[in-house]
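Asker: here is my input; please provide its structure:
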Amino acid sequence: MKKSIMDILVCPICKNDLSLNIEKENNDEIIEGKLTCNNCSESFPIIDGIPNLLPADLRN
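Answerer: Now for the predicted structure:
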């Protein structure tokens, strides 16, 4: 996931801004991390560069 995509991402549940926690990155590419909603506190993992924005009960 590119850092620049943060400008357009919002929480899929409540449509508020997300905070980014980077665990592993390569240049401008985020490989592992977590997106957390600033409003409802729901969190979404970033795995292998792909953010999983599904609600927790629908993730594998």
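
Asker: and the pLDDT for the residue most central in space within the chain?
Answerer: Central residue of the chain (C-alpha atoms, centre = their mean): L35, 3.1 Å from the mean position. For L35, the pLDDT comes out at 97.

Asker: one more: the one 3 residues further on?
Answerer: At N38, the model reports a pLDDT of 96.

Asker: what's around the residue lying closest to it once chain neighbours are set aside, how many residues?
Answerer: For N38, ignoring the flanking residues on the chain, the nearest one in space by C-beta to C-beta, 6 or more residues apart in numbering is D17 at 5.0 Å. Using the backbone N, CA and C atoms, a C-beta is placed for each residue, glycine as well. By the criterion of other C-beta atoms under 10 Å, D17 has 13 neighbours.

Asker: how near is the residue sitting furthest away from the middle of the chain to K2?
Answerer: Distance from the centre of the chain peaks at N27, with 17.5 Å (C-alpha atoms, centre = their mean). According to C-beta to C-beta, to the nearest Å, N27 stands 10 Å off from K2.

Asker: do E42 as well
Answerer: Counting by C-beta to C-beta - E42 and K2 are separated by 22 Å.

Asker: so between the two, which is more surrounded?
Answerer: Neighbours per residue (other C-beta under 10 Å) separate E42 from K2, with E42 holding more: 17 against 10.

Asker: surely the more buried one touches N16?
Answerer: No - judged on C-beta atoms under 8 Å, E42 makes no contact with N16 at a distance of 9.8 Å.

Asker: can you show me the strands along the protein?
Answerer: Taking DSSP state E as the criterion, the chain carries its strands at 18-26, 29-37, 43-47, 50-51.

Asker: report the distance from stretch 23-33 to the chain centre.
Answerer: 12 Å (C-alpha atoms, centre = their mean, to the nearest Å).
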